[in-house]
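[1] The following comprises the amino acid sequence and a computationally predicted model.
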Amino acid sequence: DHFLLASTPSRPVVAPRLGAWVIATMLLNSRLAAAAEVGAARLAGCRRRLPSSGEATGVLAVQKRSVSKLILIRHGQSIWNGKNTRFTGWCDVPLTVQGRVEAVAAGQLLRARGFEATKVDVAFSSELQRAHETCELALASMAGPDQESWCSDRIRRDSRLNERHYGVVQGEFKDADHVQETYGADTIREWRRSMHAKPPPLDESHPHFLPSPAPRTESLADCQRRTLDCFYDAIMPALMDEEGLPTPADERVVIVVAHSNTIRSLMAYLDDVPEELVPNLHVPNSVPILYPFDRTTRKVASTKLESAAGGSHARWMLSAQNHNRLRAALKPGGSLARAFFDAWSTEKKDHEGNRLLTMDEIENGLRELIKDNPNLDCGIAAVAKKIVRELSLTYGAEGGTITYDDFLQRAQDTTTALEATRGARAPEVPERPERRGVYARGIPSTSEYKRRSSLELP
């Protein structure tokens, strides 16, 4: 690899100082390597592959798909979220201090994942201030020290992205006694989570009445119709077709900052969620959700994985700060495991183009999570710890790698096993001595793993 710069099977290209004997030696070595490669080293799904003959001769070529990226973000916490939650709807209330912190953290996370503000061609937000301020704070945070690299002119406000209208209960506390007594808990739950139920309409005497184009009341299906109108009239053209934007269409990034129900309804459409599973869709505040679109098919490009709503293409962006909010939104298994893998992976790939996660990346990712979540209790984290132990026992201090598919499969198998045994009485486990030293609350060092039995969990 130090000598061979690029080649084809028939005509290798080498540095000028090398002689013909170097070419012959390298071609011979590549054939010997190909013959010796019986298969990738693999133990329980953990891989560390030898280079293929294609790699040895520099022939490998990975075709790059033309992908545009849509990022959805629900606004940060508003003054009507939290403990004393109200039916906010079209009421224009501001963010709390926590909501502003969440918006800034979302921008920092996006920047850390390679989405600097300069890469955002267009940002859409609703007309309501809580979404618009979240959008501004996230973009400013994505710009980092280069604040001149973005401006609010790139934000396009559209009332079709406003929160769902809650009719006569708009502005009321969700747990208010008179609301519960008047309509009943089951009816209110149906309004909030189903597709077609809606509160009674308000009239001009209502303190939160707004003139047209504001509706009088809406179901989630009504909200979805206007959200999809905006999606096809404005968002998709900006993502795929609009000319005069800073980046070419095949590298385009569009951000949409909106509300719980507008994003829920859009995700239900993009993921083709069955109506009976729509109540399981939950969107936490200020957690970025990535949908890559294939420009050729104009459809979502990512694999559909298991989720609480039956399956989702969404790539949720996990961080130590939003971990608890994200776990509350996602069912353990496919989508949550993908969020963990994406958070820890540096896009390393093997010679077949499979994404890889190294032992060091898993260790560092777990350490960051545990630092901000000392009482971390998560099945995916337990799977990750087990993988680290096996990689350490197999490959020692040098470590190894696991593929994206293997990581997801392990997470899914563990989730299935846990669900099968849920409710069963756990066996009594003798108390273990407290760990001491640097890894007391983190994960053990490689030397510690080596000393352990293969049956002992870290």
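    Now that the structure is in, tell me what you want to look at. Residues are numbered from 1 along each chain as shown.

[2] For the stretch 1-150 of the chain, which residues score under the pLDDT cut-off?
    Confidence mapping of the stretch 1-150 of the chain against pLDDT under 70 gives the ranges 1-65.

[3] So which residues of the stretch 151-300 of the chain form strands?
    155-157, 253-258, 289-294, 299-300 (DSSP state E, counting those that start in this stretch).

[4] can these go into CSV with extra columns for distance to Y269?
    The C-beta positions use only the backbone N, C-alpha and C, and glycine is treated the same way. CSV is the format used below for the strands of the stretch 151-300 of the chain (distance: least, CB to CB, whole Å):
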stretch, distance to Y269
strand 155-157, 20
strand 253-258, 13
strand 289-294, 11
strand 299-300, 10
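
[5] which one of these lies closest to R367?
    Proximity to R367, assessed across the strands of the stretch 151-300 of the chain by CB to CB, is greatest for strand 289-294 (24.5 Å).

[6] what's that closest one packed up against?
    Contacts defined by 3 or more CB pairs under 8 Å, 6 or more residues apart in numbering; DSSP states H and E place strand 289-294 against strand 67-74, helix 260-270, strand 299-300, strand 315-316.

[7] got these as JSON lines, with mean neighbour count columns?
    Formatted as JSON lines, those follow (neighbours: other CB atoms under 10 Å):
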{"stretch": "strand 67-74", "mean neighbour count": "23"}
{"stretch": "helix 260-270", "mean neighbour count": "22"}
{"stretch": "strand 299-300", "mean neighbour count": "14"}
{"stretch": "strand 315-316", "mean neighbour count": "22"}
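
[8] Dump the ones you listed into JSON lines; add distance to E136 as well.
    Below are the helices and strands packed on strand 289-294 laid out as JSON lines (distance: least, CB to CB, whole Å):
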{"stretch": "strand 67-74", "distance to E136": "12"}
{"stretch": "helix 260-270", "distance to E136": "18"}
{"stretch": "strand 299-300", "distance to E136": "27"}
{"stretch": "strand 315-316", "distance to E136": "23"}
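
[9] among these, which is nearest T88?
    Of the helices and strands packed on strand 289-294, nearest to T88 by CB to CB is helix 260-270, at 9.2 Å.

[10] The closest one versus strand 67-74: what angle between them?
    Helix 260-270 and strand 67-74 are oriented at 150 degrees to each other (axes from the mean of the first three to the mean of the last three CA atoms, to 10 degrees).

[11] Go ahead and name everything in contact with helix 260-270.
    72, 74, 126, 161-164, 220-221, 223-224, 227-228, 231, 256, 273, 278, 281-283, 289, 291, 300, 309, 312-314 (CB atoms under 8 Å, 6 or more residues apart in numbering).

[12] how about that helix as PDB, C-alpha atoms only?
    Extracted in PDB, the C-alpha atoms of helix 260-270 (Å, rounded to 0.1, in the frame of the first residue of the first chain):
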ATOM      1  CA  SER A 260     -44.600  17.200  17.800                       C
ATOM      2  CA  ASN A 261     -47.700  16.500  15.700                       C
ATOM      3  CA  THR A 262     -46.500  18.000  12.400                       C
ATOM      4  CA  ILE A 263     -43.300  15.900  12.700                       C
ATOM      5  CA  ARG A 264     -45.300  12.800  13.800                       C
ATOM      6  CA  SER A 265     -47.600  13.100  10.900                       C
ATOM      7  CA  LEU A 266     -44.700  13.500   8.400                       C
ATOM      8  CA  MET A 267     -42.900  10.500   9.900                       C
ATOM      9  CA  ALA A 268     -46.000   8.400   9.800                       C
ATOM     10  CA  TYR A 269     -46.200   9.200   6.000                       C
ATOM     11  CA  LEU A 270     -42.500   8.600   5.300                       C
END
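
[13] same question for that helix, mean pLDDT?
    Average pLDDT, helix 260-270: 94.

[14] Likewise for stretch 222-231?
    97.

[15] thinking again about what came up before, which of the contacts of helix 260-270 count as buried?
    The neighbour count (16 or more other CB atoms under 10 Å) marks 72, 74, 126, 161-164, 220-221, 223-224, 227-228, 231, 256, 273, 278, 281, 283, 289, 291, 300, 309, 312-314 as buried among the contacts of helix 260-270.

[16] and these, which of them are in helices?
    Judged by DSSP state H, the buried ones among the contacts of helix 260-270 include 220-221, 223-224, 227-228 as members of helices.

[17] closest to A131 among these?
    T227 (12.8 Å).

[18] was I right about that closest one contacting S159?
    No: if you go by CB atoms under 8 Å, T227 and S159 don't touch, sitting 11.0 Å apart.

[19] thought R252 was touching D241?
    No: the pair R252 / D241 is not scored as a contact, 9.8 Å apart, by CB under 8 Å.

[20] which of these two has more neighbours?
    Between R252 and D241, counted using other CB atoms under 10 Å, R252 has the larger neighbour count: 24 against 12.

[21] Now the more buried one: closest residue in space, sequence neighbours ignored.
    Closest residue in space to R252, ignoring its immediate chain neighbours: S68 at 4.5 Å, by CB to CB, 6 or more residues apart in numbering.

[22] what sits against that neighbour?
    Counted by CB under 8 Å, 6+ apart, S68 has contacts 239-240, 249-254, 292-293, 295.

[23] Ok, I362 next?
    Taking CB under 8 Å, 6+ apart as the test, what I362 contacts is 344, 384, 387-388, 391.

[24] Equivalent analysis for S126, please.
    S126 sits in contact with 132, 157-159, 161-163, 257-259, 262, where contact means CB under 8 Å, 6+ apart.

[25] hmm, back to that, so which of the strands of the stretch 151-300 of the chain is the most packed in?
    Counting by mean count of other CB atoms under 10 Å, strand 253-258 has the highest mean neighbour count of these, with a mean of 28.

[26] who does that strand touch, helix- and strand-wise?
    strand 67-74, strand 120-125, helix 129-143.

[27] so can I have CSV of those showing distance to A411?
    Converted to CSV, those look like this (distance: least, CB to CB, whole Å):
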stretch, distance to A411
strand 67-74, 23
strand 120-125, 31
helix 129-143, 29
